[in-house]
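Chemist: Need coordinates for the below:
(one chain, ligands or ions: 1)
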Amino acid sequence: IFGRGGLDEDALEEVEELLYGADLGPKATSELIEDLEEKAKSGDFDEAKFKSYIKDFLKNKMASVQANSPGDLFQFEKSDSKLPKVIMIVGVNGAGKTTTIGKLATKLTNQGAKVVVGACDTFRAAAVDQLQVWCDRAGATMIRAKEGANPSGVGYDALQAAMNEEADYCILDTAGRLHTAGNLMDELTKSKNVLKKLMEDAPHHTLLVIDAITGQNAIRQAEEFNKALDLTGLVFTKCDGSSKAGSAISIVDALQIPITYIGVGENVEDLSVFNLDEYLDALVG
Ligand code: GDP
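Modeler: Residues are numbered from 1 along each chain as shown. Model prediction:
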């Protein structure tokens, strides 16, 4: 674009397409293009200025939300509290919930924390078995459904077990698909509310796991989960792939919820605390 002599109308159109292609979404894209149009009039707007301008714009959008991020939730510090921290992990099937829970549980047990995991996705036996493998490897206790149990019942049992064992964390895997989105949200809300019978302030965190390649669909998904569950954080998985997770900007902007972690591979160590500057460097270059 700059080789051709700057930000003329064609160039701006090309930039707009690139931003869409990066899943930035219509709102952020049109705001940014409007601003760039103004800047282009000033003339002295070279490539370096252009990139740093885009980065600053996106950073402004995200920084205040990210400032509220709880940071590394899973940095374990032994406290006097005998009550577990309760963390609910939600998201559609295939997003990476099981894998993320495996990574988080391992991160915690490696620090000496006692972890109980509740396998509340009673609709997918294979997912429960997979979670069991992760838990065995991590040295975490897994609570699974007794015959005929429903998801909220498993969550309740897991929290009860975590309290009995004086565990430090209780992490709950949840269903990611039911007949309709409405059913799923009802079930998840029920699962969340039932925890409060045992512990009034549970869950302490509700994290939505999102596949980075989901694109703009992810916004609608995230809005629905947030409406039902008051999310406290987002986890973007598969950031090791080709997607640069441009949709993250629209989601953070629309929901005002911070990204806490990113998944960068299928192995146990492939989970990082989200870093805004690194993300923008990867996105903008
Ligand atoms: P769930 O249905 O939400 O529990 O999703 P899973 O945890 O079973 O993950 C679905 C697939 O995505 C599995 O094949 C995982 O190995 C893979 N996966 C999860 N997280 C990541 C990640 O950060 N990077 C990559 N490359 N693959 C991932």
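Chemist: did I read that right, residue 192 in a helix?
Modeler: Yes. Assessed by DSSP: H, G, I helix; E, B strand; the rest coil, residue 192 belongs to a helix.
Chemist: Next up, the contacts around it.
Modeler: 88, 203, 206, 229 (C-beta atoms under 8 Å, 6 or more residues apart in numbering). C-beta: built from backbone N, CA, C; applies to glycine.
Chemist: mind checking the backbone torsions on the residue in the chain that the ligand sits nearest to?
Modeler: Nearest to the ligand in the chain, going by C-beta to the nearest ligand atom, is residue 263, at a distance of 2.5 Å. When read as degrees, to the nearest 10, the backbone of residue 263 gives phi -90, psi 130.
Chemist: Give me the spatial nearest neighbour of it, chain neighbours excluded.
Modeler: residue 237 (3.5 Å; C-beta to C-beta, 6 or more residues apart in numbering).
Chemist: Quick check: bridge partners of that neighbour?
Modeler: Judged by DSSP bridges, the bridge partners of residue 237 are residue 211.
Chemist: For it, which residues are in contact?
Modeler: Applying C-beta under 8 Å, 6+ apart, we find residue 237 in contact with 95-96, 99-100, 209-212, 262-263.
Chemist: Make JSON lines from those residues and add distance to residue 283 and pLDDT to it.
Modeler: Shown next, in JSON lines, are those (distance: C-beta to C-beta, whole Å; pLDDT from 0 to 100):
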{"residue": "95", "distance to residue 283": "20", "pLDDT": "95"}
{"residue": "96", "distance to residue 283": "20", "pLDDT": "96"}
{"residue": "99", "distance to residue 283": "23", "pLDDT": "97"}
{"residue": "100", "distance to residue 283": "22", "pLDDT": "97"}
{"residue": "209", "distance to residue 283": "20", "pLDDT": "97"}
{"residue": "210", "distance to residue 283": "16", "pLDDT": "95"}
{"residue": "211", "distance to residue 283": "17", "pLDDT": "94"}
{"residue": "212", "distance to residue 283": "11", "pLDDT": "91"}
{"residue": "262", "distance to residue 283": "12", "pLDDT": "95"}
{"residue": "263", "distance to residue 283": "17", "pLDDT": "96"}
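Chemist: picking up where we left off before, return the distance of the residue nearest to residue 263 relative to residue 110.
Modeler: Distance from residue 237 to residue 110, counting by C-beta to C-beta, to the nearest Å: 20 Å.
Chemist: what does the helix or strand encompassing residue 280 rub up against?
Modeler: Following DSSP states H and E, one finds residue 280 within helix 276-284. With contact meaning C-beta under 8 Å, 6+ apart, helix 276-284 is reached by 22, 51, 54-55, 58-59, 62-63, 66, 244-246, 248, 262.
Chemist: quick one: contacts for residue 37?
Modeler: With C-beta under 8 Å, 6+ apart, residue 37 has these contacts: residue 12.
Chemist: Any idea how many residues pack against residue 179?
Modeler: Residue neighbour count, defined by other C-beta atoms under 10 Å, stands at 7 for residue 179.
Chemist: next one: residue 165
Modeler: Residues near residue 165, counting by other C-beta under 10 Å, number 14.
Chemist: any idea how far it is from residue 56?
Modeler: 49 Å.
Chemist: same deal with residue 198?
Modeler: Residue 198 sits 46 Å away from residue 56 when distances are taken as C-beta to C-beta.
Chemist: Let me see the contact set for the residue found closest to residue 114 once you drop the neighbours it is linked to in the chain.
Modeler: Closest residue in space to residue 114, ignoring its immediate chain neighbours: residue 167 at 4.4 Å, by C-beta to C-beta, 6+ apart. By C-beta under 8 Å, 6+ apart, the contact set of residue 167 is 84, 114-116, 141, 161.
Chemist: Let me know the pLDDT of residue 167.
Modeler: Note on residue 167: pLDDT of 96.
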